[in-house]
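Engineer: Please find the sequence and the predicted model below.
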Amino acid sequence: MKSMTMNLPLISSTQDLRYFNRRRILKALYFNEPLSRQDLSRLTELSVATVTNLLTTWLDQEVILESGTIQSRGGRPRVMLTINKAYGAFIGIDLGETLIRFHLFDLKMNLRQTVTYLLENENIQPAEVIDNIVSGYYELLTVSGYPEEKVIGIGIGVPGVVERKGGISVFAPNWGWHNVPLIEKLEEKIPRPIIMDNGAKAMGLAEQWFGVGSEKQDLVALLVGTGVGAAIIANGELQRGVANSAGEFGHTTLALNGRSCRCGGQGCLETYVGAPGIIQTLSEIAPDSPLLQGKTQPDIMANLASAAESNDKIAWAVIEQTAHYFGAGLANLINLYNPETIVLGGWLSKILGPLLLEKMVPYIEKYSLPQPNAVLQLELSHLGEHSVAMGAASLILGDFLHGMRSSWCVSTGFVNRRPE
């Protein structure tokens, strides 16, 4: 069963205590269903009577369902409880640098519908993004046939720093965005609760709850695509930093006076291992290569992967050089944080990850210290292209599990606050 360890809040009243205990019960059931009231009592260390009392409102609202009985030793059959996955839905939006993915998940995070919009303008403006998100959101509801009033909330993963102090705004230098109040603008057009965070952090949450990091306390999840972002999870907690900008791994310096980066720096990791950096490497090695003949970054990466699988020497030269830089960068990460697991996710990892993985290992061993490297597991994400959208939806799920009060329901939208 999944551990129910939680950070203890400051409890100053009986109402606070009831609220905290409800959280414990709901989280225990969500990740370990089906459970009986006796099982919940054991997991939460609350009495059966307390569990029964605190479950009443959720059973009345049909957030939780009774789903049959099992025999117990020498007593009455135990009634089993489950989460009602049809109670409501979460929407996760992956706002990437080349496309926007819209995903509809039921209450148990089963994927029900997707919609994808391509972004063809490299310097896209906030108004255009807002229009695309609003349009995609309503298209998702239309094609799924799902009623808007049952949408519990919308999570959005974005390619930039999400400033959480003094109002939520987005700083995305790759697009030339500075302090864009994206949520405020979206809330004017979409009447549902919205939570927003950096895409890599959203992906890290999905990996922590539903992916290879589900049993790990010290994890780094890397989102690799046009850029490279990281979610650093230490002792089970996501590390945000003072300005919520922790994890900008792609902008760590790998080569002094190296390639120019769109952030304004030089020698950043992503200029060597992000898709544009790999394309630059290919063009330097073979300027006239037919592998460069693709309309999009994923097209060229797919060309490269296909050529490497056919033992093309140019393709393997590009992969070897990319693996060298990536391995050195990961060694720095290993030496600095000593994680138990590093998981590679994002669309580029899906295309080139299997080829890069084995080539990176010798370089990781070369540049990292023996002790932290000996305990490291390096894995590819199992969540595929859904990881950021699933993580974004998990932002809403997190509010559901940590903030649901008995008076909140899907008809009004219970998430009327955002985590600090």
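Structural biologist: Here it is on my side, so go on.

Engineer: Spatially nearest residue to S67, not counting backbone neighbours?
Structural biologist: Excluding its sequence neighbours, the residue lying closest to S67 (C-beta to C-beta, 6 or more residues apart in numbering) is T82, at 4.5 Å. Where C-beta positions appear, they are placed from N, C-alpha and C, glycine not excepted.

Engineer: what's the longest helix in the protein?
Structural biologist: Under DSSP state H, the helix in the chain containing the largest number of residues is helix 313-337.

Engineer: count of residues packed around E149?
Structural biologist: E149 has 12 neighbours, counted by other C-beta atoms under 10 Å.

Engineer: phi, psi of the most centrally placed residue in the chain?
Structural biologist: Central residue of the chain (C-alpha atoms, centre = their mean): M203, 1.8 Å from the mean position. Torsion angles at M203 (phi, psi; degrees, to the nearest 10) stand at phi -60, psi -40.

Engineer: Would you check that it makes contact with G391?
Structural biologist: Yes: applying C-beta atoms under 8 Å as the test, M203 and G391 come out as touching, 4.6 Å apart.

Engineer: which neighbours do the two share?
Structural biologist: Counting by C-beta atoms under 8 Å, 6 or more residues apart in numbering, the contacts common to M203 and G391 are G157.

Engineer: The helix or strand harbouring G277 - what's its average pLDDT?
Structural biologist: Using DSSP states H and E, G277 maps to helix 275-285. Average pLDDT, helix 275-285: 97.

Engineer: In the protein, where is pLDDT below threshold?
Structural biologist: Counting by pLDDT under 70, the chain shows low-confidence ranges at 1-13, 74, 121-122, 164-176, 403-420.

Engineer: Where do the domain boundaries of it fall?
Structural biologist: Following automatic domain parsing, one gets these domains for the chain: 14-83, 89-203+387-403, 212-382.

Engineer: Show the end-to-end separation of the last one, please.
Structural biologist: Spelled out, it's domain 212-382. In domain 212-382, first residue to last residue: 7 Å (C-alpha to C-alpha, to the nearest Å).

Engineer: mind checking how far it is from the chain centre?
Structural biologist: 17 Å (C-alpha atoms, centre = their mean, to the nearest Å).

Engineer: How about the first one?
Structural biologist: Its chain's average C-alpha position is 28 Å from that of domain 14-83, according to C-alpha atoms, centre = their mean.

Engineer: The longest helix of the chain: what's the following helix or strand?
Structural biologist: Using DSSP H and E, the helix or strand that directly follows helix 313-337 along the chain is strand 341-345.

Engineer: Contact partners for the residue nearest to the centre of the chain?
Structural biologist: Neighbouring residues of M203 by C-beta under 8 Å, 6+ apart: 157, 221, 223, 231, 345-346, 381, 383, 387-388, 391.

Engineer: Pull the most distant pair out of the residues you listed.
Structural biologist: Greatest spatial distance in the contacts of M203: G157 and S381, 14.1 Å, computed using C-beta to C-beta.

Engineer: re the thing from before, tell me the angle the longest helix of the chain makes with helix 275-285.
Structural biologist: Inter-element angle recorded for helix 313-337 and helix 275-285: 140 degrees (by axes from the mean of the first three to the mean of the last three C-alpha atoms, to 10 degrees).

Engineer: Can I get stretch 353-368 in CSV? Just the C-alpha atoms.
Structural biologist: Extracted in CSV, the C-alpha atoms of stretch 353-368 (Å, rounded to 0.1, in the frame of the first residue of the first chain):
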residue,chain,number,x,y,z
GLY,A,353,15.8,8.2,-25.2
PRO,A,354,16.4,4.5,-25.9
LEU,A,355,19.3,5.4,-28.2
LEU,A,356,20.8,7.9,-25.8
LEU,A,357,20.4,6.0,-22.6
GLU,A,358,23.1,3.3,-23.2
LYS,A,359,25.5,5.8,-24.7
MET,A,360,25.2,8.2,-21.7
VAL,A,361,26.1,5.6,-19.1
PRO,A,362,29.9,5.6,-19.7
TYR,A,363,30.0,9.4,-19.5
ILE,A,364,27.9,9.5,-16.4
GLU,A,365,30.3,7.0,-14.8
LYS,A,366,33.3,9.0,-16.0
TYR,A,367,32.1,12.4,-14.6
SER,A,368,30.1,11.4,-11.5
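
Engineer: Flag every buried residue along it.
Structural biologist: By 16 or more other C-beta atoms under 10 Å, the buried positions in stretch 353-368 come out as 353, 355-357, 359-360, 363-364, 367-368.

Engineer: Just the ones in helices from those residues, please.
Structural biologist: Under the assignment DSSP H, the buried residues of stretch 353-368 contribute 353, 355-357, 359-360, 363-364, 367 to helices.

Engineer: re the thing from before, comparing G157 and S381, which residue is more hemmed in?
Structural biologist: The residue with more neighbours, out of G157 and S381, is G157; 32 against 25, by other C-beta under 10 Å.

Engineer: The more buried one: what's it in contact with?
Structural biologist: Contacts for G157 (C-beta under 8 Å, 6+ apart) come out as 92-95, 196-203, 388-389, 391-392.

Engineer: now do L401
Structural biologist: By C-beta under 8 Å, 6+ apart, L401 lies in contact with 23, 26-27, 30.

Engineer: how about it, phi and psi?
Structural biologist: Dihedral pair for L401: phi -80, psi -30, per degrees, to the nearest 10.

Engineer: What's the separation between it and E128?
Structural biologist: 34 Å (C-beta to C-beta, to the nearest Å).

Engineer: Buried subset of the contacts of L401 as a ChimeraX selection?
Structural biologist: To isolate the buried members of the contacts of L401 in ChimeraX, using 16+ other C-beta under 10 Å:
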select :23,26,27,30
